[in-house]
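**Student:** this is the structure alone, sequence omitted:
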């Protein structure tokens with residue numbers, strides 16, 4: 001199985017930028033749309049809105065595919081967690097809980113920046129722990 005590291009970087013930069021914009025402009029609906037796009041990409045990678053954006057904007061931005069032999073499931077799991085947290089951020093903001101909304105959004109930004117700068121993917125680590133737990137429970 002293959003993973004495009006450039007696509008992952010594009011996703012992380014998009015998440016950081018759009019989430020920061022949503023928080024700065026107090027537009028929780030933007031966090032909600034991004035969270036929904038991330039969940040779609042996690043559940044149905046072929047139909048990922050972020051993947052479509054990468055295909056369209058990647059060449060314009062000078063990004064070239066950097067495909068490696070790595071299964072994408074851990075990254076999809078991490079994307080699903082990030083998307084879920086962004087949806088919670090949006091719902092919190094819409095419900096009049098701006099501090100909770102901002103805290104959840106900042107959490108997503110920090111974890112995306114950690115992955116972008118150090119290649120430490122906390123969501124991927126959670127995925128591997130979840131898979132280990134599944135294995136232990138069934139064997």
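**Tutor:** That came through, no problem. Because the structure is predicted, anything quoted here is derived from the model rather than measured.
**Student:** what about the residue nearest to the spatial centre of the chain, distance to residue 41?
**Tutor:** The residue lying closest to the centre of the chain (C-alpha atoms, centre = their mean) is residue 79, at 3.7 Å. Distance, residue 79 to residue 41, by C-beta to C-beta, to the nearest Å: 6 Å. C-beta: built from backbone N, CA, C; applies to glycine.
**Student:** residues contacting the residue nearest to the centre of the chain?
**Tutor:** Contacts for residue 79 (C-beta atoms under 8 Å, 6 or more residues apart in numbering) come out as 11, 38-39, 41-42, 123.
**Student:** one more pass at 7 Å, please.
**Tutor:** Applying C-beta atoms under 7 Å, 6 or more residues apart in numbering to residue 79 gives the contacts 38, 41-42.
**Student:** how far is stretch 41-52 from where the chain is centred?
**Tutor:** 11 Å (C-alpha atoms, centre = their mean, to the nearest Å).
**Student:** outside of that stretch itself, list whatever touches it.
**Tutor:** The set of residues external to stretch 41-52 that reach it, using C-beta under 7 Å, 6+ apart, is 7, 11, 14, 37-38, 40, 72, 76, 79-80, 83.
**Student:** buried ones among those?
**Tutor:** Among the contacts of stretch 41-52, those buried by neighbour count (16 or more other C-beta atoms under 10 Å) are 7, 11, 14, 37-38, 40, 76, 79-80, 83.
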